[in-house]
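Student: let me see the structure of the following:
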Amino acid sequence: MPLAHRRCDHITENPAETANEATPITGWALTRLSLLDRKGARGLIADLCVAGVLRRQAAFVALATLDLDAPGPFLRCLAIDTAGAEGIGLALRTRRARQIIAAAFAVEPQDVPTGYLRALARIEEIGAKGAGLHPFVDPTAYHRLFEILAVERHSRRAHALRYSGKLMSITVEAAMTLDPVLVWPDVLAVAGTPQRVVAMNAVLDLIRICHSVVDEDAVVAALRQSLKSLGVIEAFAKSALDTADRLPTPLPAAEGIRPLRTAAEYREIGTKLRNCASTKIAEAALGLLAVVEVMHRAEDGTEMTLAASLTPTIDGLWMVSEVGGMKNRQPSREVLYPVLRRLEALGAIIPGPAIGGPYRKDVADLLGIYRYAPLHDALHPHGSSEEDEVLAALEGEADEAA
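Tutor: Purely as a prediction, here's the structure:
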């Protein structure tokens, strides 16, 4: 466990706690206390508003777990002879916090871990005025927390919760539902919402899918290394995907065509062509993008390496979105035409207006319609104009000079 995480060892459990500044009780706890007040526990709300942290939290534990209409077993555990709501009020006022919690969970006081008391003192939901003053938003979190710290006290979940900072309901939920690899104090601290917890598990699944062999120890090492960075999960996910060797490849390999399958290949083509392929690994892992390396051989035998980017369609097909050479520069029509036809033959879709339709590049220019480097112009019989040919010739001369 990281040395930076330290537990609070000072726990006050004196039933005659010094009165504090009144702190209102709200939410589900107030609703249940109001019910007890109407049934005979007069003044309990006022007393708990000025009670210390542990007494308040012990009362919240009892309110979260008790059947308020049948408190007999709870009261007998605490040797309270007064029945009903009045007896509950008497118990919450006069018994020690550990005794109240033990009775609520039907265990002996010595079976309530000190770590549970420490954890109660660190409860601080969003908007709370201080640690331990307000209940969990979700009352069931009290029982879940007890199960982890009392029954699973030597588990990774328990260790992570002991060394976490402030505790919220979602922190406990995250400890219960996160993949064990992710159960670390820093990760619990950024759980945030149930949706984010689900996303964290999905990220880990994605990392496993994108690797032919997953070394769990290496995954844990990458996670612990990311704990030193801002954005714990984000840093971990990006670091782990940097070693991916099983990225989605939508097209089969063919002569002169190599679908990139590993993160190393994305970095390699990024360096070779001086493009941004190395920054697209996460997109490739998610199936939002795929890059194919294409080797074009001209009639004179010269070779040109190109990178074709493909994006998916909703029905599972893949469409060529860009073909670029050095620094993402689009090749000439003479090069682009055979490259697109080869990709089309492997199953890629080439976007653009239908051949035989009304589209003409010269008419589009006349109407002021401009589209940046459209691929379809390389395949369309009316996809070029005299100005384009002159510009292409000038760019070719500039490339030769460079």
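
Student: for the stretch 251-400 of the chain, give me the ranges with low pLDDT.
Tutor: Where the stretch 251-400 of the chain drops to pLDDT under 70, the residues are 371-373, 380, 382-400.

Student: residue boundaries of the strands in it?
Tutor: 257-259, 290-297, 303-312, 318-324 (DSSP state E, counting those that start in this stretch).

Student: so which of those is nearest Val50?
Tutor: Relative to Val50, the nearest member of the strands of the stretch 251-400 of the chain by Cβ to Cβ is strand 303-312, separated by 61.0 Å. (Each C-beta comes from the backbone N, C-alpha and C, glycine too.)

Student: got a pLDDT number for the residue lying closest to Ile45 once chain neighbours are set aside?
Tutor: Using Cβ to Cβ, 6 or more residues apart in numbering and skipping the chain neighbours, the partner closest in space to Ile45 is Leu33 (5.0 Å). Here, the pLDDT recorded for Leu33 equals 95.

Student: Ile209 versus Leu33, what's the distance?
Tutor: 49 Å (Cβ to Cβ, to the nearest Å).

Student: of the two, which one has the most company?
Tutor: Leu33 (24 against 13; other Cβ atoms under 10 Å).

Student: these two touch, right, that one and Asp47?
Tutor: No. Judged on Cβ atoms under 8 Å, Leu33 makes no contact with Asp47 at a distance of 10.2 Å.

Student: which neighbours do these two have in common?
Tutor: Counting by Cβ atoms under 8 Å, 6 or more residues apart in numbering, Leu33 and Asp47 have no shared contacts at all.

Student: how far away is Arg274 from Arg96?
Tutor: Counting by Cβ to Cβ - Arg274 and Arg96 are separated by 70 Å.

Student: between those two, which one's more packed in?
Tutor: A count of neighbours by other Cβ under 10 Å puts Arg96 above the other of Arg274 and Arg96, at 16 against 13.

Student: one step back: so which of the strands of the stretch 251-400 of the chain comes closest to Arg360?
Tutor: The nearest among the strands of the stretch 251-400 of the chain, by Cβ to Cβ, is strand 318-324 at 21.9 Å.

Student: pull the residues that contact the closest one.
Tutor: The contact list for strand 318-324 (Cβ under 8 Å, 6+ apart) reads 250-251, 273, 275, 290, 294, 306-313, 328, 330-331, 336, 339-340, 343, 347-351, 373, 375.

Student: one step back: tabulate the strands of the stretch 251-400 of the chain (a markdown table), appending distance to Gly165.
Tutor: Output for the strands of the stretch 251-400 of the chain, formatted as a markdown table (distance: least, Cβ to Cβ, whole Å):
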| stretch | distance to Gly165 |
| --- | --- |
| strand 257-259 | 45 |
| strand 290-297 | 41 |
| strand 303-312 | 41 |
| strand 318-324 | 44 |
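
Student: helix, strand, or coil at Leu90?
Tutor: helix (DSSP: H, G, I helix; E, B strand; the rest coil).

Student: what number of residues lie near it?
Tutor: Neighbour number of Leu90 under other Cβ under 10 Å is 18.

Student: how far off centre is whatever helix or strand Ile170 lives in?
Tutor: Using DSSP states H and E, Ile170 falls within helix 169-177. With Cα atoms, centre = their mean, to the nearest Å as the basis, helix 169-177 stands 14 Å off its chain's centre.

Student: helices or strands next to it in the packing?
Tutor: When contacts are defined as 3 or more Cβ pairs under 8 Å, 6 or more residues apart in numbering; DSSP states H and E, helix 169-177 sits against helix 140-146, helix 156-162, helix 185-189, helix 194-209.

Student: could you export those helices as a markdown table, including distance to Leu286 and mean pLDDT?
Tutor: Below are these laid out as a markdown table (distance: least, Cβ to Cβ, whole Å; pLDDT from 0 to 100):
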| stretch | distance to Leu286 | mean pLDDT |
| --- | --- | --- |
| helix 140-146 | 32 | 96 |
| helix 156-162 | 28 | 92 |
| helix 185-189 | 21 | 84 |
| helix 194-209 | 7 | 89 |
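
Student: so which of these gets nearest Glu265?
Tutor: helix 194-209 (17.4 Å).

Student: flag every buried residue along that closest one.
Tutor: Buried residues in helix 194-209, counted by 16 or more other Cβ atoms under 10 Å: Val197, Met200, Val203, Leu204, Leu206, Ile207, Arg208.

Student: cool, and stretch 132-145?
Tutor: Gly132, Leu133, His134, Pro135, Phe136, Val137, Asp138, Pro139, Ala141, Tyr142, Arg144, Leu145.

Student: what of stretch 213-225?
Tutor: Val219, Ala222, Leu223.

Student: right, and the second one touches Phe236 too?
Tutor: The reference is to Ala222. Yes. Judged on Cβ under 8 Å, Ala222 makes contact with Phe236 at a distance of 6.0 Å.

Student: from Gly192, how far off is the nearest residue to Glu344 once chain neighbours are set aside?
Tutor: What sits nearest to Glu344 in space, not counting adjacent residues and going by Cβ to Cβ, 6+ apart, is Ile350, at 5.5 Å. Separation of Ile350 from Gly192 (Cβ to Cβ) stands at 42 Å.

Student: output the below-cut-off pLDDT ranges for the stretch 101-250 of the chain.
Tutor: In the stretch 101-250 of the chain, residues with pLDDT under 70: 224-232.
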